[in-house]
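Chemist: Pasting a predicted model and its sequence here:
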Amino acid sequence: MITLRMIAEKTGFHISVVSRALSRNPDKNARVSPATREIIERTAREMGYRPNRSAEFLRRGTAPTIGVFLPKIANRLMADYIFGMAAAAEEEGFPLSFSFGMTADCYAKFVRNVSHKSHCGIITFPYGDDMRFTHDARIKPVLDAFQKRGGKVVLIYSLKDIEGVTTVSVDEYEGGRLAAQRLLARRCRQFFLVEPFSQRTEGFLDTLHGAGRDARIVPATPRGIQHILRAAEKASQADLPIGVFTAHGDKHAVKIMAAVLRTRFRLGRDIMLIGYNDHRLAADLDPPLTTIHQPCEEMGKLAVHKIVNMVYGKQESSERLKPTLIVRETG
């Protein structure tokens, strides 16, 4: 186990200087120059130093564990959140305790468990679309008590900002805007929005309206897909593609791909198709799917770093990360 004394011997600085440089909450009067801090932090990383959080938090009367509540969904997005959180937690030296669920009862049990075990923080998905977790009578008193004793809360992937709650999420409006921009750039003259979803819809439609265009909203059903295919038939006479954006996710894009592949139309030529979420199979489809990638791994890392900073008394603001367009053959 690497100790502060070993780092002091390696760098030549006094152990008190090493302690101040590596402290997340140093005394305001105990100054360390940026150059000295950089040398000590680099040496600590190279030596594999991990602070003894258990001993530190024993004095605080809490545990250095962060409780994490995620939806019980097995897909690439959840995996990326977990990968990001795990990497940041290892770097920070804070263990994570995961719980998974989809209901208010699951969430209430999670909050009670975290509070009972005196965890120092919570990173949580909202369990309901309307952010009921901040008002539910089964949960709010326990959550309020957790925060009152010093527990910190970071909400991850919230569709709206909540006053007094630090959130880490994705800019859904930007995702819709990127999709519309791409379809406009591919010379599409007619547009379809399949299964509208949150601010993605607003970003998509606002961008089209700004270019003097509009989109027809259809469901991801056989009837809705038939509307798309009939439009493609008419557009083919003018040798112009139609643009399709499946705002709710790649799974709806796959349905459209299957229907198009049974026709004479070609994806990426007659029909420009853009999905959302960049699931792992998107690149392996034939043809590979153009889609919007959500930075879930980065969001997981940022949520951990923010909550650790909050545990050490720092103020953290909410952030929305930008999604990216992944261009493949369908659009």
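Modeler: Received it, and whenever you're ready, just let me know what you need.
Chemist: from the chain's centre, how far out does stretch 220-228 sit?
Modeler: 31 Å (C-alpha atoms, centre = their mean, to the nearest Å).
Chemist: Helix, strand, or coil at Ile217?
Modeler: Here Ile217 is recorded as strand under DSSP: H, G, I helix; E, B strand; the rest coil.
Chemist: Can you check the pLDDT for it?
Modeler: Ile217 is assigned 97 on the pLDDT scale.
Chemist: Same check on Met47?
Modeler: On the pLDDT scale, Met47 is placed at 85.
Chemist: for Asn52, same thing?
Modeler: 71.
Chemist: That one: how many residues sit nearby?
Modeler: 13 (other C-beta atoms under 10 Å). For glycine as for every other residue, the C-beta is placed from the backbone atoms N, C-alpha and C.
Chemist: Tell me if I'm right that Gln147 and Gly164 touch.
Modeler: No - taking C-beta atoms under 8 Å as the definition, Gln147 is not a contact partner of Gly164, at 9.4 Å.
Chemist: okay, the two: which has more neighbours?
Modeler: It is Gln147, of Gln147 and Gly164, that has more neighbours when counted by other C-beta under 10 Å, with 16 against 7.
Chemist: residues contacting that one?
Modeler: Val153 (C-beta atoms under 8 Å, 6 or more residues apart in numbering).
Chemist: quick one: it is in a strand?
Modeler: No - using three-state DSSP, the secondary structure at Gln147 is helix, not a strand.
Chemist: any idea how far the residue located most distally from the centre of the chain lies from Arg186?
Modeler: Note on the chain: the largest C-alpha distance from the chain mean falls to Gln237, namely 42.3 Å (C-alpha atoms, centre = their mean). Separation of Gln237 from Arg186 (C-beta to C-beta, to the nearest Å): 18 Å.
Chemist: Let me see the ranges of the helices in the stretch 51-200 of the chain.
Modeler: Here the stretch 51-200 of the chain has its helices, by DSSP state H, counting those that start in this stretch, at 53-60, 76-92, 104-116, 140-148, 172-185, 198-210.
Chemist: out of the ones you listed, nearest to Asn309?
Modeler: helix 76-92 (9.5 Å; C-beta to C-beta).
Chemist: Only the buried residues of that closest one, if you could.
Modeler: Of the residues in helix 76-92, 76-78, 80-82, 84-86, 88-89, 92 count as buried by neighbour count, 16 or more other C-beta atoms under 10 Å.
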